[in-house]
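**Student:** Only the shape, not the letters, is given here:
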């Protein structure tokens, strides 16, 4: 049995089975600033014409998305080569304009996807800017109808698009770093909605959830990562390790909002690690 450093300090814990993972905290002021910044950049992209090299990236990015949607391997190879050539020129000439393009196309994609959630209509913008995104999200059980949409769905969708854009245009380029507010909301959505084949929390599901908890902790040092890890590890039946995570949370978070639950989960971890119930 592992050593418990703080269990006795919490008043009258009761056995409770870990349930939902804690969502990231994202304040409304952060949301509003992010939306305003997105709108500002998207508007700026339409105020003055973007450089020709950046317009070519935008057009070929759309053509690539159409080829992905159609499953046309020959067109995919051809469009990929053409897009690569356009990217080389645009990155040399005007990175800032590429960021404006990303903001503009993200806005178009978000509008198209939100319309799809309301009506089921798949528009040209959704096909060309999303490529296989709609299929990927559907396969994972994500965002299929308006009823599935979380609060702040626009920022979740914007994060999905920007991941696709950046991974295609300039993977690893520091200027294209993800917006931390959008990413926290996206990661929170993924933690709350693991893909169906991983929803039981065991096996590949556990790795999926742990990986996303780690990503979230890097973005938000205040996220209760030890507490969240403990929940996932308990689901994976790693009771002793789960207990250490809850113990770590209690030891290092003196006034955290999850202390009572952590104490109860710690008690359950101890009992389950000893073979009860």
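**Tutor:** Structure received. The shown structure was predicted, so the numbers you read here are calculated from the model rather than taken from an experiment.

**Student:** For the longest helix belonging to the chain, name the packing helices and strands.
**Tutor:** Ranked by residue count and defined by DSSP state H, the top helix of the chain is helix 95-119. Counting contacts by 3 or more Cβ pairs under 8 Å, 6 or more residues apart in numbering; DSSP states H and E, helix 95-119 packs against helix 28-47, helix 52-70, helix 73-93, helix 124-130, helix 153-169. In short, each C-beta sits where N, CA and C put it, glycine included.

**Student:** show me the residues around the residue lying closest to residue 31 once chain neighbours are set aside that make contact.
**Tutor:** Using Cβ to Cβ, 6 or more residues apart in numbering and skipping residues adjacent in sequence, the residue nearest residue 31 is residue 152, 6.0 Å away. Residues near residue 152 by Cβ atoms under 8 Å, 6 or more residues apart in numbering: 26, 31, 185.

**Student:** on that earlier part again, so can I have a markdown table of the helices and strands packed on helix 95-119 showing mean neighbour count, mean pLDDT and distance to residue 115?
**Tutor:** Formatted as a markdown table, the helices and strands packed on helix 95-119 follow (neighbours: other Cβ atoms under 10 Å; pLDDT from 0 to 100; distance: least, Cβ to Cβ, whole Å):
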| stretch | mean neighbour count | mean pLDDT | distance to residue 115 |
| --- | --- | --- | --- |
| helix 28-47 | 14 | 97 | 17 |
| helix 52-70 | 19 | 96 | 17 |
| helix 73-93 | 15 | 94 | 25 |
| helix 124-130 | 21 | 98 | 8 |
| helix 153-169 | 21 | 97 | 11 |
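
**Student:** So which of those helices is nearest residue 265?
**Tutor:** With Cβ to Cβ as the measure, helix 153-169 is the member of the helices and strands packed on helix 95-119 nearest residue 265 (28.0 Å).

**Student:** Sketch out the low-pLDDT regions of the stretch 101-250 of the chain for me.
**Tutor:** 197-204 (pLDDT under 70).

**Student:** one more time with 90
**Tutor:** 147-148, 194-207 (pLDDT under 90).

**Student:** Got the domain ranges for the chain?
**Tutor:** Here the domain parsing of the chain from automatic domain parsing is 1-22+193-277, 39-177.

**Student:** Using CSV, lay out the helices and strands packed on helix 95-119 together with distance to residue 112.
**Tutor:** Supplementary listing: the helices and strands packed on helix 95-119 in CSV, determined by distance: least, Cβ to Cβ, whole Å:
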stretch, distance to residue 112
helix 28-47, 14
helix 52-70, 11
helix 73-93, 20
helix 124-130, 4
helix 153-169, 9
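
**Student:** and of these, who's closest to residue 106?
**Tutor:** Here helix 153-169 is closest among those (Cβ to Cβ), at 4.6 Å.

**Student:** which secondary structure elements does that closest one contact?
**Tutor:** Helix 153-169 packs on helix 28-47, helix 52-70, helix 95-119, helix 124-130, helix 133-139, helix 180-192, going by 3+ Cβ pairs under 8 Å, 6+ apart.

**Student:** Using TSV, lay out these together with distance to residue 234.
**Tutor:** Converted to TSV, the helices and strands packed on helix 153-169 look like this (distance: least, Cβ to Cβ, whole Å):
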stretch	distance to residue 234
helix 28-47	31
helix 52-70	39
helix 95-119	34
helix 124-130	36
helix 133-139	28
helix 180-192	15
